[in-house]
Structure formats: C-alpha cells, structure tokens
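1. Got a predicted model here, sequence first, then my questions.
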Amino acid sequence: MSTPQNPATPVATKPPSRLYRMWDSDVFFSFRRSPVTIVAATVAFVLVLAAILAPWIAPYNPFDPASLNLMDGFTAPNSNSMMGNYFLLGSDHQGRDVLSTILYGSRVSLFVGVSATLFAMAIGISLGLTAGYVGGTTDSIIMRVADIQLSFPAILIALLIFGIARGIIPPSQQEGMAIWVLIVAIGLSNWAQFARTVRGATMVERQKDYVSAARIMGVHPLVILVRHVLPNVMAPVLVIATIGLALAIIEEATLSFLGVGVPPTQPSLGTLIRIGQQFLFSGEWWILFFPAITLVLLALAVNLLGDWLRDALNPRLR
Amino acid sequence: MLAFILRRLAQSIVVMLVVALISFMLFRYVGDPVASLLGQDSRLEDFEALRERLGLNDPFYVQFFRFITDAVQGEFGISYRLQQPVSELIMSRLPATIELAFTSALIALVVGVTLGVFTALRPKSLSTAIIMTLSLVGVSLPTFLIGIGLIYIFAVELQWLPSFGRGQVVDLGWWRTGLLTESGLRSLILPAITLSLFQLTLIMRLVRAEMLEVLRQDYIRFARARGLSKRAINFGHALKNTMVPVITITGLQLGSVIAFAIVTETVFQWPGVGSLFINSVQVVDVPVMAAYLMFIAFVFVVINLIVDILYYAVDPRLRVHASGSGK
Amino acid sequence: MTEPIISVRNLVVEFPLRRGLFTAVNDVSFDIMPGEILGVVGESGAGKSMTGAAIIGLIEPPGHIAGGEIYLSGKRIDNLPPEEMAKLRGKRIGMVFQDPLTSLNPLYTVGQQLVETIRRHLPMNEAQARQRAIELLGEAGIPSPETRIDSYPHQFSGGMRQRVVIALALSAEPDLIIADEPTSALDVSVQAQIIKVLKQLCESRGAAVMLVTHDMGVIAETATRMIVMNKGKIVETGSVGDIIKRPKEEYTIGLIDSIPSIRDETRRHEVAPAATQLVKVENLTRDFDLSPSFFDRLVKGSKRSVVKAVQDVSFGIRKGSTYGLVGESGSGKSTCARMLVGLIPPTSGRVLLEDEDIWESGSGTQKRRQRVQMIFQDPYASLNPRWRVGDIIAEPMRALKLVSGKREAEDRVADLLEKVRLDPIVMRKFPHEFSGGQRQRIAIARALSSQPEFIVCDEPTSALDVSVQAQVLDLMRGLQDEFGLTYLLISHNLAVVRQMADDVGVMHGGVLVEQGPVDEIFDAPKVEYTRMLLNSVPDISKVE
Amino acid sequence: ETVRWARASDALTLDPHSQNQGVTHTFAHHIYETLVDRDVEGNLIPRLATEWAVKEGDPTVWVFTLRQGVKFHDGADFTAEDVVFSLDRARSDKSNMKQLHAGVQSVTAVDDHTVEVKMSGPSPLYPNNLTNTFMMDKTWTEANNAVEVQEAGSTDDNFAVRNTNGTGPYMLESRDPDVRSVLKLNENHWAETKPAVTEIIYLPIADNATRVAALLSGEVDLVQDVPVQDIERLGSSDGIKVTTGPENRVIYFGYRFGDAPLKSSNITDKNPINDPKVREAMHLAIDRNAIQQVVMRGQSVPTGVATPPFVNGWTPELNEYPEKADVEGAKALLAEAGYPDGFTITLDTPNNRYVNDEAISQAVVGMLGQIGIKATLASRPITQHSPLIQNSETDFYLLGWGVPTFDSAYIFNDLIHTQAGHYGAYNPSGYTNPELDAKIESLETEVDLDKRNATIAEIWAKVQEDRVLLPIHNQVLAYAMKDGMNLDVHPENQPRLYNVTFGE
Ligand SMILES: Nc1ncnc2c1ncn2[C@@H]1O[C@H](COP(=O)(O)OP(=O)(O)OP(=O)(O)O)[C@@H](O)[C@H]1O
Ligand SMILES: Nc1ncnc2c1ncn2[C@@H]1O[C@H](COP(=O)(O)OP(=O)(O)OP(=O)(O)O)[C@@H](O)[C@H]1O
Ligand SMILES: [Mg+2]
Ligand SMILES: [Mg+2]
C-alpha cells in the first residue's frame, strides 16, 4: 500500500527474478502468514491432483461397466468382497470401488464446476464490460436481465435449461451431451454476479484517465475493453470465481439429487451422494459418507481460498 | 415517490411478461404431459385426441397468448395431475410455503446480522474464526444432505422432532397456519433451519464484509474523533450504513428462499408450493409449473418493490434521485 | 506565562510493516498556547497527519505511539486507557478532516449528527441541543441555519459541508482543534471563507488550533507559528514570518523556493512564441442533458434540465506558446479540454487545428490523434497499473502505427524516458513502483511519444507536492523549448499559471469572462470575478 | 383403530373413472366398490356382484347378479340402474377406463339386481377387466352434474373429483391432495365383519428416506413403497415388521427390430439386434441371480419369461433361465453373428418408476459390457421415458409390465402383436410376425378355454424362441408396518386396509 517515498530507489536496483517477485509479493505474503489458507490450499491441491490423476492412481476404473462385477457389491470399507477383491473405502451397489468412484467423480465434478464457472465468467464479463462501458439503455437492459437471473434461484434456472435441452437434443445423443448441458445450465444460472461486479468496476475504470488517454490515441473501444479495462477488473472477478466454483460444484450435486445430473454410469460427486443417500438407513454408510466428505472438503477448501483471496486482493486490508 | 413506484411497477410488468414467456417456452420442452396423463392402456389415437384437446397442437404463439390472457385473470387452468383449479391449489399450498420461508428468512436475518456484526466487531478473535469456518461448512454441504442429516439425527435417532409434514394446522378460513399449535411449531423447526442455513451464511458474510468496509470509512473515524460512544458508533452509525447495501442483496436472497424451498419441501414433505412444483415437474403438469413460475416472478417483483421502498426510507441520498435528477 | 494547551514531547509513531519497522513520526516536540494557531507543513508523507492522529489517539493499527509524551493542559494523555481517551475526544480535542464529502454520515441529517455529539458531551436535552446546534451552524457561516439543520449532507455543497464538519468539531467547545488539511479539497474562494471561519472561532474562544496543510499559502494567511516537517522529523520551528522570509534549514529553503507565487514575474521563455495560431477555438458550446427519463417526465411532469457546461467560448493559441485556463471548480475548464482532445463532441462550435476541424471525421480525426495529446491531473489514474512502463509509453506509437518493429519502439521509449529524465531501465517496471512525480513524467513521455505539437494539460501538478510540482513544471518548460510544443494549461492554481502561461483565459460558469496576456490580466484584472479570484488566493508573499 | 398409511404418491383424483392408475385405484377401493375383485392370490372374488356367467345360448353376453341390500354412503340403494350408469360412464369417451370395456356393445338392466353386458363377440375373460371399474350412484352423480368424466386439461371443475359417494367400507372425511386424506368407517357397509381399522389417515411422502424415517420415528404405521435396501433395517427394528410378496409385474428389456440401422449404434449399415443370435447372446450374458442378490437384495423373482406367474399361460418351463451368465457362449454367438468386437447402443431406462429400475439397467450395462456390447445408459423420469417408447425413439429400453387381467393375451396384445390399431401400443420396436398376430387376435374370441390355452402356449414358445423380450425378474413388493398389524401383499399392489387384522 505504501507508495515509494524515495524517488531515487526504484530506478537503480536490478529487478529480481519473476518467481521470487511472485513469492515475495504481498498476496503470497498474506498466504504464507495464514495457516488455514495453507491447509485449504493443500487440501484443494491434493483433491484436484487426485482427480486429474484418477485414471492412473485409482485402483479400479468405475466408468468401465465391463470391468465391474455385481457380486462385489456392498463390500464394507477395508475388506474383501465375496469375489475376493479388496476395497479400501468399500464398494457400492454396483460393485464399484468407492475410492475409485470418488476419484473419478471429483474429476467430473471439478470439470463441470470449472467449466461452468468459466462459462459464467465469459458471459458475465463480456456483458458486464459492455454494460459498464457503453452505459445507457444497453446497460439498463443487461442489468435488468441480470436482476431476473439473480432473483430466480440457480437451481430453478438450471432445471429449466435442462428441460429445454432434453426437448431439443435427440434422445440418442442426450447422454453424451448431458455434461455439457449441465455446464451450460449452471453457467447460465451464475453469470449475473460476474456481470454486476465487472460492470461496477468497469464504470469506475472507464472514468480513469488511462482510458481517456487511450481514447485520445484512437484505440478501438474493444481493444480498450480487453487490454486496458479487463485486466483491471479481474481481481474481484477472481474472488467471485473461487466462491462461484464452490457453488457450482454444490449446484451440480443438487441437480444430480433432483435427478437431472450426469449419467449414473459416470457419476459425479453429487450423483454419488444421491445414490449413497439411499443407503442411509440400511447400514452401508460408506457409500454416502466418503463422497459427501470429499464434496464438503472440496467446497470448503475452495471457499476458504476464495475468502483469503478476497482479503489478500483488498488493498485496504493489507 | 409515487412516480418512482409507478416506474418500478411498469418495469415489473415487463419482467413478468418476460418470465411468462420464458417459463411458457421452457415448459414446452420439459416433457410430454400427454404421456403421463394417459395410462398404460391408452392407445395412440387417444394421445392424438388429448393433444388436440389440450391445444398442444396449436402454434406456439396461440398457446402463449391463451396462457397470458388466462394468467392475467388469475386463471391458470386445471392441474393435469390433480384435476383441480391451479389457482386454488397454489392458494391452498401457499400458507405452508410462506410460513416456512418467512421463518427461515427471519432466522437467517436475525442470526445472520447478529453474527455478521459480532464477527466484524471482533475481527481477530478466536470465536470469529470458528464462526467463519463453521459457516463455510454450512454452505459447503448441499441442502438436501443437511435436511436428511437433520431428520436422521433429530427424528429417527433422538425422536425429538417430527420428520415430515406440517403437524396440526389451524384453519383461519382463508389461511391454514401451523404456527398456532405445538406440533405445528415443532414441525417447522427442522425445515426452517435447513432452509435458512444457506441464506444465513450469506447474510452473515455480507454483513461482516460491509461492516468492515464501513468501519474504515472517514465518517466513522470522524465520529470517533467527535468522541461518540462505541455503541453509538457501532450500532448507530456503522450498522445503519451497513444495512444499505445489505438490504438489496438480502432482499433478492430472501426472494430466492421461497424458491429454494423446493429442495427443503421435498425432503421434509412440507406441503408447500415448492413440493407441488416438483411433483408437477415429474408428471409435466404444465399449468401448475407455469403458475408457479409466475408466482415466483411475482414474489420477486414485490420483494424488489419493498426493497426499493426500504432503501428509500434508509438512504436519504436516493430521495433526490427518485425525485427526478436521474443518476 | 500561561500553560500550553497541548504539549508534545519527543513523540515517536511506528508502523511495524512487513519489511521492517517504519517510523512515521520521529522525535517530534512542540507546544501550542491558548488562542494560537500552529501551522504544520511538509510534503506528503512527512508525518503531519500522524502527529495529529497521535494527539487525538486515533492512529490506525498496526501503527502505535512508540515513545514520547503528550500533555493536554498539563495532564498526560498518551497513555490513557481507550475509554478515558474516548471521553476527551470531541470534548477537549476536536478534529477536522480533509475531506468534507466523506466526513459526514450520509444517512443522518446534519442536525442529528450535531445533536448527538452535543448531547454526548454537554448536559442538555434534545431541544436545548438543537438550539445549540443551530447557533453553531450560524457561527460556522451557514446561512439560515434554522432551516438547513434538517438537511442531509448531500444537500450541502462541499464548502458548506466542511463548515458543518467544523461546527461538529467545535460543538463541545474543545480546547484544542486539530485541523488536518481542512481546505485542500475546496476551491480557493471557499477555502478563503473557511480559513476565515476558523480564525474567527479560534480568536473568539481562545482555543488552540493545530493546522496541518501542505499549502504554505494557507499557513501564511492563518497561522502565527509554524513547524516544518520532513520524513517524520521537525526540520524547523518558528514564527511564520521568520520561516517564510528567512528559512534556515536547507530543506525549508528548497521548499519555500519551489512555491510559485502569483506575484512572480520570472520570464518563461527563451524562445518567444510565433505569432501564428496553431489552435483556434470558435464558439465552442457544450450542454449536458440531465433530464429525467421520459417516463418520469410523463408521470410527474418534471422538466428537462440541461447543464450548460461551456457556452460560446472562443480563443486562439499561438504556436509554441502556453495558454492558461483558470476558473473555479465546475466552471467548464475540463469540459473545454475534453472537447479539444476529442474525448467529447461539442454541442456546437468548432475546434480548429491549423484550420482543420478536428471533429470532422477522416483527416481531421487522424490529424488530431497524432498531433494532440493530453496530460492528466491524477498521475495514479492516468497510467494503467497492469501495464509495464515501456508498453504505456509505446501505446500511442503502436495505436497510430508510427513504429514498425519492437526494437524501434523500444529505442524510442528509451529515448523518451531520457527526455523526461528517467533511466531507460524502468521500462520493465510497473507504475506502482514510482512516486507521483515520476509517474507524471511517464505520462508526459507517453504524451510525447506520438510527437504531438499540442498538449492539453489538465491540472498536471495539482496532485503533487510543491517541490515535485516545481520539477515537473520545469520539465514541461524545457520540453516546450526543445520541441516547440504548444500547451493548453488548465489549473486552479493561479500561481502556476502565472509562472507558466503566456496568455490566460478566465472561465466562470461556462463562459470565458476575460482573456489576454497573463501579466495584464493578473496585474490589472478588468472583470470583478477575476479580481475576486485573485484576491482569495492565499499567498506567501502576503506575509510581512 | 387408526392407521396412518404412507406411500410415495397420492391418488390423482377421486373420480373413479378418470384415471386408470394403480395408486388412484388403491385409494378408491376403500370408498367405492367394483363388481368383482381380486384376492391376494390373484383369484377373482365377488364384491358387488355375487355371481357372473356367460348367458346361456349367447356367448357374447355376460350376466351379473348383484348383491342385495347394498347402500351408498348417502343412503341411496345400490341397484342395476347404477351399474348400467357406471359401466356406461366408464366406457364413455372421456373416461380413462374405456380401453378395458372396448368390447362392450351395450349394458342393460334386466331387473333390479341383474345386469346384462352385451359384447361385440365372445369375450371369455371380460370379468377380469372389471376389477378396477367402480360403481357410482346414478342419482347423486346426475344431481351433482358429474355425469361427464373430468378430462385432463379441461377448464371446469368436476364435482366427482373432490367428492365421493361410494358403497365402500370407508367414507371420505377430509382430503388435502398430496398432503393428507382421512377416511372413516362406513357403519352401514354390507359386509358382515366390520374392518378392524376404523380410521385411515393417508399420507403421501415422496422422498424415500423421509418415508422410512417417518416409520422409524413412529409417525406413521404403514409404509407401502418400501425401498428394498431398507427392508432389512426396518425388519430388524423394534416394533416394526415387513411383509413381502410377489407383485403381478414383470421387468424386462425391449429392443428395436427391423432392418433399419439403430439410431444409437456404431453399426450403421444394419441392425445387430435383428439377428436372433445377438439376442440370444444378450440373454445369455445376463446374470439374473446376481441382479436379484445384489441390486434387489433378494427382493425379486428372476424369470426367463416376460410374464408373472400369476398370469394364465405361465409355466415353470417357460420361466427357466440360465443359472449363471455364460460369457464365453455369448461372445461366441456374437462373433458368429459378425460382431466379434461387439457394438455400441444406448439403453434407455426410467429412474423413478420401478423398484431400483436405474440400478438394474446399470447392472445390465455392466454385464453386456463383458461380452463387448458397450451400452450407454440414459436415465430419465418415467414421464420422459415413456414417450420414447410410444414414439419409437429408443433402441433398447427397460419397462415393467403389470397384467391386470391375469391373462397372457394382455401381454401379447400390447407387447408382441405388430403395431397396428388397437394392438402393439408398447411394441414400438417393430417386431412383427403375421402368424403370431393371427393367433393373438384369435384369443379374443376363443371360447374354448383349452384350445385357447394351447394357442397361448404356442405363442409363448415362439416368443421365447425369438427372444422377443429380455425378461429379468418379477417384482416383489414389501409393506412395512408397526408390529401387531397384519397385511398381506397384494399382487397388484393394491392393499386393502379393511383386510388388516391386529394381533399375532
Ligand atoms: N496505515 C499505515 N500503514 C503504514 N504506513 C502508514 C499508514 N498510514 C500512514 N503511513 C505512513 O506514515 C507516514 C506519515 O503519514 P502521514 O499521513 O502523517 O503523512 P502526511 O504528512 O499527513 O502526508 P499528506 O500530506 O500526504 O497527508 C507516510 O509515509 C505514510 O506512508
Ligand atoms: N459528463 C457530464 N455529465 C453531466 N455534467 C457534466 C459532465 N461533465 C461535466 N459536467 C458539468 O459541467 C460543468 C463543468 O465541468 P468541468 O469538469 O468542465 O469543470 P472544471 O472547470 O474542470 O472544474 P474542476 O476545477 O473541478 O475540474 C460542471 O457543472 C459539471 O458538473
Ligand atoms: Mg495527511
Ligand atoms: Mg477539471
């Protein structure tokens, strides 16, 4: 925050390496100082890594129906099935290894969550930039639409979009498209936050003189938006994005609970929970418990990172 | 002020029309109501006949126009599934949803604001850290899981509270309330907690963030320099200023409580409009679904209006804006 | 002899920062007697505000008093528990902050805030407190206080708000008033009024005032004694006359020297400007439509409302000369400038660059883009914080396709950086790594990069310290001589204009009320408004 | 005694002829009554009709003798008039029950207690169609303007939808759709033994977990739709017992036949399913016992034929199925058929209609995967699933088939006969065999039961040989209730609470 008081210093010193500068930056400093954030980052990192590496580290491939044996079903954690196969976290009603389904499921959940968030970001940022920069009627219309989106719960919007997709896409292709529909549905129900934030920030940035300077030179408005304004409104977007990611993952889970998620043969964490909760009373707790814990850990870690990022990027808190 | 409200209303009508169009369009694709209306023994010609009778073969705009003209008269037709007038069904289910939503909103607001203020005033204390982390756990769990978990613990294992339904209701003629009987109140606890948890966390975090921001403002510093008491600064000045942005977002959020009730109502078999909606989606009961969406839009519009009026009451700066000088 | 109201002994304020301990105030000692106004000057970051904050006990954590003592009427207060200290604030020590726009809570009426403060400190009931509040507002110079007391802050102008803030600070008749830059957000004319109010109040009540500012002129007009601070330390203490007329320390000498005076008559050019006019402004007019929406007009019958920001302004600028544009805030100076550089289109009238209308599309626009540039007021906002300095300076060349390769651009940038006296190595850095003055030089380098002939400077130095201001003005002058540049210089600092401009135009309410050679206008203003403007400028030359 | 009875969904309407749907009928059976009924073994038993027989000399006329001294809830007498009225109403255009009475030409009252139903041809099995056709009071219905059946999508409100006047053992006290309905005992019911249950509180609870929780926490006494995985837990809980029994419903998979290539397969020049070898291979690949053990937790009766044992025409021989999956044999057959590497196909499954429907399909996907057939699972709610079948948009699908007439002809008509007119509504896949079609049509009018049964056997033999359908199992139902209550499982999942007894 403090501005260099001595005008002589910045000129002379040789800039240190990029990596060092990043490590030494205020953001990373606040990171190093917060043990909760370090734990959250570690958890998130491990979960994401495990999800990415699932095909190599998972003991089984639960997405390959041919490799499953029904008779392995309902094996308790840390024991062998009737068929003699070992399951660390037990197996589910289809004889799938719970550990492997979690690894593969996180992959699906993360993919859906990240893609949906990116999609929402893309829409929200472009609309927000346009609204904030152009202003006037365009702004009013975009913001009214955003209001409508915000006032309708994401779940409802996603349900409806899912409905339409079912109507439009021929039945034989629906399964392959399901994951993309899910991404679009969640994305379309979450863009307004981005649009609002970006619009607000854009309206502030637009007033700044560096934009005027570029306009004087005759730089094309689109270039101004993308090269000048966009980088300067990214900080709050990043914060919303992390929290939006956590929300998207949970939203995917809820949609799966309501029965409009990914196919059960390629379950996400949400689908796993939906399946698992059927066995809540029957004693096979592990089918619900482990995916649920994973989901909570993932969402919690991402949320905590978002929290930290919000504070770290807020200059007034430094 | 009147002009301001009138303008809002005009905007609202546009919003309602758009929602009507969207909902109507969407529902055409949710599924084929005919399939669920007719049983296993029906034949193809029956399907065709029914489609014709329901007007499903008419062009899209004809159907939409019919829908709008009826909707304006509060006429949403007869539920395909329950064969009763939709408006009647919605009205009979509304008290349950409103009582649930209202209670949850109240919990969320009171607890959310209290905790938000508390954590903002003690930014470094251990209890703040604990509350903040716990609240995150709250939003990291899907609602349905929380509901099922609460049922398992409090209804099945401990048997303290009912697991489903509204309990005993008292008929007040036009309103059936569960708030006047013990069993009604007991039934309300679990669903209300489930439903409020998400909003509570949101409001709490929002209040905290805003309050921290406000506490750094110059007028707070100046209030300190004037020697005002801590109480007057924290609650008279900081809290009131915090509420301005909080009101808008909270208002919008509370609107979505009613809609969020879908999941909670399903889990707790709460006889409100949300579970009516989900049951209707499953059998593609278009009249009910359309009416429900319109209802949600209406709630949103009303809440927005109330928020605007509140805003107007709280923030004197807006009064100039509202009375003419634009932005 | 009477006891000093406030007595500061060896005060040290420290900030434990990430990269070590930062000492904001270092071993500062001074006293203020009853009825005395002590001026505190020094450039930005000198520790002036921190000293004030330390006295009233409002240093933002993690800052804290690390040493020294503070006595209020002989009683030590720096080590009081927080609740005790809170009781002193407002009652014994009042404070006025710089920004009147943010010091008042927008949600309460002025009266509510006054009554609340009064009742906190004085045993009065609601009605009495209200009566007192009205009196205070009146004393602070608010006309018809009985009716204005129920207004909200946003219904007051900046100057009035600042008076309210002063009334608030005085409401419990404190012995000591700390005024931290109470006028720097205000117009010169308003500033003069506020200074008057402050002075009167102090005299009539016998209170002590600590007046923090970096405007030496204000001190010269108000204070009796002053201290000069630099880097947390007191450089010099003494009577205002002594220090201004006979500064002893080198730092003070430099400071006083770099203050431009409105009476200054140093010559500006080595090369005299040509007689041909480069820029001609003809009947320039600009309206802003602030009408309510169509719907509102329909429902409420509210009227259209139009702000006439610039009305029928005509002037010409000679090639190689500097044209100054002065006038109070909101008089339309910036609007003019924005039309001149092509940021907003005029409602009517023309801007001619060598007889070509720059608002005509095609060659006019192209010509304007290359030959007209602008330097802005805020050096922090005029550079994109995410861009490297090299890219910032090269942007006009790239946008206007004046260079072909990367190498060429880099060479040109290095060249330009040297021109503005910066090491070319800074190309790789980001703007936040520079001080305000350095940034303004980068902005100038950017403006020069398209090799323009005409540069519009909208308050180029008003965000800078006096010493830095002197450097920047110096640079601008040098560049003008070197490249034969033509400037339009907008400033409300009349002294700066006097020092820089050849011709000057005075604007008031969107109209150009007077124009002519700078010496003529400043020495013998013909218009009443110009005279008023010139008179309200605090100036160190007024000190005896 | 009061019984709080929970199941997954509510009756759709109280109008007995408006919906032909099990849940609605089950509820109606407590208020209204039918001429004939079915007991828990699936046998026809008298209810409002004491006797029924084909008229001597005219095989196209059925004669029903009505029970005497029966009164409606409002006190009116039950007479032949009412039966004629009710049957006509059930046959009327807007009634959803009309398919069951398609063969009826006219209904006449011979005297106060005799009714004759004239069919368009000999209809030996017609009484089987009457088990869900309820008798209404003519006067009451006419007085309340409810002669027309409420039809879906109509805009007026029908009195009979919300009000009842039946002859049944219970009277409707209050009803809040989807929430709670209360029935109280009809003191004037004709039956000699009064039901032990004097009050029924009917509570629809949609969510499985919540429904089970409600029983565990003692908030309900009887849960009808018990998830199979919870049977064990409920059975072993104190104070709760579970009764199970077979339902008259078979779960099977259907295919798309014909030469046109499949819509969802990588084989784009022909239809692999059309090859009997492929179908045989799929039949061999399924391990029905594993599905029963794991997916159904023992709560199903695996079968090799697409008919439940209750149905006329079922034989133990037909029912035989491979004890274990024969993966090698199936692979060999596939190779022989020209698909050594298998092929891909989409399997459409409902996910909220039958017991563990989605999980069964999922298991089958795995089993087919082992012989190289890579199936993609597409799971949908039944409302979206059934249009796929009706519109022939599916290549491979799961369906359950209940047989309300308890006769194989019901299955043949809809699932085996070529799709045409009244026939083949659920044979979207285009299986066609003119010889079989002729045989199926002959069943309708054949009066000689032995001859008829022989034809049925022939048809089944051909169906099995062709592997037209891929049957998995017959569904088993479970009712969970508090200890001390006795209620047997009804094969049509229509428990009658007036048959409940208390005590051991
Ligand atoms: N919260 C803080 N954290 C760290 N350093 C701070 C903080 N507040 C002020 N400082 C530093 O303390 C020093 C003195 O600040 P102070 O506000 O007293 O300066 P000033 O003389 O009032 O300057 P100005 O004229 O710009 O107001 C500055 O170098 C400033 O950067
Ligand atoms: N975009 C705008 N919309 C509406 N009114 C505007 C706009 N820009 C300027 N104005 C109005 O035009 C008038 C002149 O403004 P301008 O910025 O030119 O003043 P200025 O002389 O530069 O003042 P300052 O010294 O404060 O910068 C003011 O009353 C201002 O409120
Ligand atoms: Mg300061
Ligand atoms: Mg200006």
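-> Perfect, thanks for sending it. Ligands and ions are numbered 1, 2, ... in the order given.
2. Distance check, C:Lys196 against C:Leu122.
-> 26 Å (CB to CB, to the nearest Å). For the C-beta atoms, the positions are set from N, CA and C on the backbone; glycine is no exception.
3. pLDDT weak spots in chain C?
-> C:1, C:185, C:263-274, C:290-304, C:542-544 (pLDDT under 70).
4. What residue spans form the domains of it?
-> Annotated domains of chain C cover C:6-257, C:269-364+C:453-462+C:476-544, C:378-451 [automatic domain parsing].
5. Which single helix of the chain contains the most residues?
-> By default, I'm working from chain A. helix A:98-134 (DSSP state H).
6. if you could check chain D rather than the one you did, that'd help
-> If you go by DSSP H, chain D has its longest helix at helix D:449-466.
7. Buried residues of that helix, list them for me.
-> Buried residues in helix D:449-466, counted by 16 or more other CB atoms under 10 Å in any protein chain shown: D:452-453, D:455-456, D:459-460, D:463-464, D:466.
8. Touching it from outside, list them.
-> The contact list for helix D:449-466 (CB atoms under 8 Å, 6 or more residues apart in numbering or on different chains) reads D:124, D:276, D:279, D:304-307, D:312-313, D:315, D:318, D:408-409, D:412, D:416, D:431, D:433, D:435-436, D:439-440, D:442-443, D:446, D:469.
9. Could you double-check that B:Ile220 lies in contact with B:Leu239?
-> No: counting by CB atoms under 8 Å, B:Leu239 is not a contact partner of B:Ile220; they are 11.0 Å apart.
10. Count the neighbours of D:Lys98 for me.
-> Residues near D:Lys98, counting by other CB atoms under 10 Å in any protein chain shown, number 21.
11. Report pLDDT for the nearest residue to it once chain neighbours are set aside.
-> Nearest non-adjacent residue to D:Lys98, counting by CB to CB, 6 or more residues apart in numbering or on different chains: D:Arg91, 5.3 Å away. Predicted confidence (pLDDT) for D:Arg91: 88.
12. which other helices and strands contact the strand or helix carrying D:Lys184?
-> Using DSSP states H and E, D:Lys184 falls within strand D:180-185. Contacts defined by 3 or more CB pairs under 8 Å, 6 or more residues apart in numbering or on different chains; DSSP states H and E place strand D:180-185 against strand D:170-176, strand D:199-204.
13. which one of those is the most hemmed in?
-> Most buried of the helices and strands packed on strand D:180-185, by mean neighbour count (mean count of other CB atoms under 10 Å in any protein chain shown): strand D:199-204, with a mean of 21.
14. Quick one: residues contacting the nearest residue to C:Phe483 once chain neighbours are set aside.
-> Sequence neighbours aside, C:Leu448 is the residue nearest to C:Phe483 in space, at 7.6 Å (criterion: CB to CB, 6+ apart). By CB under 8 Å, 6+ apart, C:Leu448 lies in contact with C:373, C:416, C:419-420, C:479, C:483.
15. which ones are touching D:Leu130?
-> D:34-36, D:100.
16. Next, find the distance separating it from D:Pro46.
-> 11 Å.
17. what sits in contact with each of the two?
-> Contacts common to D:Leu130 and D:Pro46, judged by CB under 8 Å, 6+ apart, are D:Val36.
18. can you give me the strands in the chain?
-> Went with chain A since none was named. Applying DSSP state E to chain A gives strands spanning A:79-80, A:86-87.
19. think we crossed wires, I meant chain B
-> Using DSSP E, strands in chain B cover B:170-171, B:176-177.
20. Out of the ones you listed, flag the one nearest chain A.
-> strand B:176-177 (25.2 Å; CB to the nearest CB).
21. Any part of the closest one near chain D?
-> No: counting by CB under 8 Å from any CB of the partner chain, chain D is not contacted by strand B:176-177; separation bottoms out at 8.9 Å.
22. helices and strands around that strand, which ones?
-> helix B:86-121.
23. Contacts (any at all) between chain A and the helix it packs on?
-> No: Helix B:86-121 lies apart from chain A when judged by CB under 8 Å from any CB; the minimum separation is 11.9 Å.
24. ok and that helix relative to strand D:170-176, angle-wise?
-> 50 degrees (axes from the mean of the first three to the mean of the last three CA atoms, to 10 degrees).
25. what mean pLDDT would you report for helix B:86-121?
-> Here the average pLDDT along helix B:86-121 is 88.
26. Check the offset of it from the chain's centre.
-> 8 Å (CA atoms, centre = their mean, to the nearest Å).
27. Equivalent analysis for stretch D:187-203, please.
-> For stretch D:187-203 - counting by CA atoms, centre = their mean - the centre lies 26 Å from the chain centre.
28. So is that stretch next to chain B?
-> Yes: using CB under 8 Å from any CB, stretch D:187-203 comes into contact with chain B via D:Leu203.
29. Which neighbouring elements make contact with the host helix or strand of C:Leu417?
-> Assigned by DSSP H and E, C:Leu417 falls within helix C:406-419. Judged by 3+ CB pairs under 8 Å, 6+ apart, the packing partners of helix C:406-419 are helix C:389-399, helix C:436-449.
30. would you turn those into JSON lines with distance to D:His30?
-> Formatted as JSON lines, those follow (distance: least, CB to CB, whole Å):
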{"stretch": "helix C:389-399", "distance to D:His30": "82"}
{"stretch": "helix C:436-449", "distance to D:His30": "86"}
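31. Quick check: nearest residue in space to whichever residue of chain D sits closest to chain A, chain neighbours excluded?
-> Per CB to the nearest CB, D:Gly369 is where chain D lies closest to chain A, at 3.0 Å. Counting by CB to CB, 6+ apart, A:Ala66 is the residue found nearest to D:Gly369 once chain neighbours are left out, at 3.0 Å.
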